[in-house]
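>>> model the structure of this input:
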Amino acid sequence: MNEISLNESYGTLSETINALKGLGYTSDLNVREECLVCHSTNTVLSPDDFQIDKVYRFEGMSNPDDQSILYAISSERFALKGILVNGYGVSADEMPAKLVEKLQTHKE
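The predicted structure follows:
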């Protein structure tokens, strides 16, 4: 299997999303209860089912409270690669502790 190199930065949030899609991270993931879900494939990923390949952080240029975090996520079990976009700081969505713990295990 060839290792794909994930850049430190692709620029903006939308540029990074587009670059990751080009690298095969095509599934859009959402938080639901204590798992991640891909609605297009009806796949539900518990924290044990996925790994975080890379984390990207973005701050809004006009508003410092406009912050987001982008996760490049893969699941060998489900042969799935996708992205999860979430707010952090003031705008962070509330997530269950187990999922937050998993998402925080990947440090830059």
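>>> nearest the geometric middle of the chain, what residue?
In the chain, the centroid-proximal residue (Cα atoms, centre = their mean) is Y71; its distance is 2.1 Å.
>>> partner residues bridging that one?
Beta-bridge pairing for Y71 (DSSP bridges): V55, L84.
>>> under the pLDDT cut-off, which ranges of this protein? List them.
Counting by pLDDT under 70, the chain shows low-confidence ranges at 1-5, 60-66, 88-98, 100, 104-108.
>>> now with 50?
For the chain, the stretches with pLDDT under 50 are 1-3, 90-91, 107-108.
>>> in it, which helix is the longest?
helix 13-22 (DSSP state H).
>>> what are the buried residues along that helix?
13, 16-17, 19-20 (16 or more other Cβ atoms under 10 Å). Glycine gets a C-beta too; all of them are placed from N, C-alpha and C.
>>> neighbours of V55, how many?
If you count neighbours by other Cβ atoms under 10 Å, V55 ends up with 17.
>>> which residues in this protein form helices?
Under DSSP H, the chain gives helices at 13-22, 97-103.
>>> and L36, what are its bridge partners?
Beta-bridge partners of L36, as defined by DSSP bridges: V31, L45.
>>> and it, how many neighbours does it have?
Neighbour number of L36 under other Cβ under 10 Å is 26.
>>> next one: G82
26.
>>> ditto for R57
13.
>>> report the separation between the closest residue to it other than its chain neighbours and F58.
Spatial nearest neighbour of R57, chain neighbours left out: I69 (5.3 Å); criterion: Cβ to Cβ, 6 or more residues apart in numbering. Counting by Cβ to Cβ, to the nearest Å, the separation of I69 from F58 is 7 Å.
>>> S27 now?
To F58, S27 is 20 Å away according to Cβ to Cβ.
>>> neighbour count for the two, which is higher?
Taking other Cβ under 10 Å, S27 and F58 do not tie; S27 has more neighbours (23 against 18).
>>> I'd say that one and C38 touch.
Yes - contact criterion Cβ atoms under 8 Å: S27 and C38 qualify, at 4.5 Å.
>>> residue contacts, R57?
The contact partners of R57, taken as Cβ atoms under 8 Å, 6 or more residues apart in numbering, are 67-70, 88.
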